[in-house]
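**Q** fold the stuff below for me.
(one chain, ligands or ions: 1)
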Amino acid sequence: MKLELDNFFNPKNVAVVGASSDVHKIGGDTLKNLLIHGFPGNIYPINPRATEVQGLKAYPSIKDVPNEIDLAIIIVPAKFVLSVIQDCAVKRVRSIVIITAGFKEAGKEGKKLQETLIQMSKKENIRIIGPNCQGITNQHNGLIATFGGYTARSGAIAMISQSGSVSGGIQSLGEDDRIGISKLVNLGNKVDINENDLMSYFKNDDNSRVITLYLEGFANGKEFIKIASDVSKVKPIVLLKGGRTKYGMKASLSHTSSLGGNRLIFEAASKQAGVIIADNYEELFDYSKIFSYYSQINGNNIFIIESSGGAGTLASDSIEFNGMQLTHLPDDIKEKLIPILPPLSVLDNPLDLGTAALNPEAFKSVIEINAENETIDIFLIILADPIPNAADVIKESLKKINKPIVVVYFGGFEAEKKEKLKFHEYGYPVYPSCDRAIKSIKVLYDYSKSKKKRLIFK
Ligand code: COA
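**A** Next comes the predicted model:
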């Protein structure tokens, strides 16, 4: 299976069947994406009505291409798909992504078409992603074989999605924070390759630190739990399940013809398998974000350094609601803090820098004093005012800390936009609220604990 899936993500020769010169068509946009993002392999446009497409020589059929084809992307109207598959079989193409819609999700005729497609691909030993999908990417080699606004930013999030909009949305949120993905697969109708195959593949993918899933239905629930139990011992899996309510199920039935099962049973089983459940789209991104920076945390003792008493109060509430701890500062540390804080400051956790916070040097000094403080498992730095140059001033002190550091930045107006990007660039995740940060830290903590336990009892 690994080698077969490698063909999808690391092909040398790719054919785009239905490639168009019109970049407003899906076949045109997909070809354009492959070209502009620097995919280093050979690209062969297939189009019976053109001799050249977007500056490349075009071939009337995949059978006419002079080289072997490792991967074919099919973007022709549904009624032509079977004949293209037949041509692929003759050409011995073994890996195909079908973007075309009009299969099981499209009623009786589509269902019949899908059944024939399955029979044909099995007979010809062809592996398929899709149909009715948005394509795939490997962000680390420029294989952006999809349409829409996907960028080529590379990162550590492996995304498997049953919706192009959800995966596109996650990539877009990541773009705002300069966080990239490693590989993306839009599953579509899952006639062959499904989330279980891909989780197994991403388990051993060095570029992927976290597997992020948006699913509306499971290809095989039992298999999912079995594979997830194994994969989550190596890297975290974050899952958002769409169609958990009566209304949601109805919507997912017409979207991907998926049937949702019992929500509570699936959630309990998933949690037992070490899968992290996101309740919504924001959580899916937030949890994937923390895991793209950190793989584990040693304990749940948080130390908060903040510029605002209000933010500290909100963070403290969230810490207690989420079953985390505020660490107690040892006396020797408190004494070292006295000279750098304004008179009458409360030496506690959260540590409110008060008026001193407007100068980021104060953050730097507090961080350095606590660099060796063993009571701390994670630092939470809350900048709840515009504090220009904070990232540049404190970055050297952050390097002295060998524990996870999470930043919350809000209420910072223009300074916040710039500073947020710098923190991300220097390697620290930034959240727009205390609650979102602490929930993400909690998930990191729970995962670390359950991973240890499951490794011990393996
Ligand atoms: N082999 C190769 N190329 C072929 C072909 C064949 N057998 N039959 C047609 N083509 C070419 C066409 O000539 C055209 O190129 P041109 O622009 O140079 O003329 C190109 O393929 C596209 O065909 P066209 O008939 O213009 O279709 P289209 O672009 O309007 O739509 C799909 C094609 C696949 C995009 C459409 O059928 C579809 O499925 N859309 C929905 C996709 C979707 O939503 N997927 C799920 C996303 S989450």
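**Q** distance of the residue positioned nearest the centre of the chain relative to the ligand?
**A** Nearest residue to the geometric centre of the chain (CA atoms, centre = their mean): Ile157, 3.8 Å. Using CB to the nearest ligand atom, to the nearest Å, Ile157 is found at 19 Å from the ligand. All C-beta atoms are positioned from the backbone trio N, CA, C, and that covers glycine.
**Q** stretch 256-276 near the ligand at all?
**A** No. Against the ligand, stretch 256-276 shows no contacts by CB under 6 Å from any ligand atom, the least distance being 9.0 Å.
**Q** just the residues contacting the least confident helix or strand in the chain by mean pLDDT, thanks.
**A** For the chain, the helix or strand with the lowest mean confidence is helix 246-256, at a mean of 80 (criterion: mean pLDDT, DSSP states H and E). Helix 246-256 is contacted by residues 105, 132, 162-163, 188-189, 216-217, 242-243, 258-260 when judged by CB atoms under 8 Å, 6 or more residues apart in numbering.
**Q** from those, which would you call buried?
**A** 105, 132, 162-163, 188-189, 216-217, 242-243, 258, 260 (16 or more other CB atoms under 10 Å).
**Q** and the residues you listed, which two are furthest apart?
**A** For those, the maximum inter-member distance is 18.3 Å, found between Asn132 and Gly260 (CB to CB).
**Q** residues from the stretch 301-450 of the chain in reach of the ligand?
**A** Close to the ligand, as judged by CB under 6 Å from any ligand atom, the stretch 301-450 of the chain has no residues.
**Q** which one of the contacts of helix 246-256 is nearest the ligand?
**A** Asn132 (4.8 Å; CB to the nearest ligand atom).
**Q** next up, the contacts around that closest one.
**A** 98-105, 188-189, 256.
**Q** after the least confident helix or strand of the chain, which helix or strand is next?
**A** Scanning forward in sequence from helix 246-256 by DSSP states H and E, the next helix or strand is helix 263-272.
**Q** which helices and strands does that following helix pack with?
**A** Packing partners of helix 263-272 (3 or more CB pairs under 8 Å, 6 or more residues apart in numbering; DSSP states H and E): helix 221-231, strand 237-241, strand 276-278.
**Q** partner strands of the shortest one and their direction?
**A** Strands that pair with strand 276-278, judged by DSSP bridges, come out as strand 237-241 (parallel).
**Q** let me know the angle separating the strand it pairs with from helix 246-256.
**A** Interaxial angle of strand 237-241 relative to helix 246-256 (axes from the mean of the first three to the mean of the last three CA atoms, to 10 degrees): 100 degrees.
**Q** pLDDT weak spots in this structure?
**A** In the prediction, the chain carries residues with pLDDT under 70 at positions 1-3, 257, 259-261, 455-458.
**Q** return the residues of the stretch 51-200 of the chain in contact with the ligand.
**A** Residues of the stretch 51-200 of the chain lying near the ligand (CB under 6 Å from any ligand atom): 75-78, 80, 84, 99-102, 132-134, 164.
**Q** I'd like the residues you listed as CSV, with distance to Glu414 and secondary structure appended.
**A** Output for those, formatted as CSV (distance: CB to CB, whole Å; DSSP: H, G, I helix; E, B strand; the rest coil):
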residue, distance to Glu414, secondary structure
Ile75, 43, coil
Val76, 48, coil
Pro77, 49, coil
Ala78, 49, helix
Phe80, 52, helix
Val84, 52, helix
Ile99, 41, coil
Thr100, 45, coil
Ala101, 43, coil
Gly102, 48, coil
Asn132, 43, coil
Cys133, 40, coil
Gln134, 35, coil
Gly164, 33, helix
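**Q** now the residues you listed: which count as buried?
**A** 75-76, 78, 84, 99-102, 132-134, 164.
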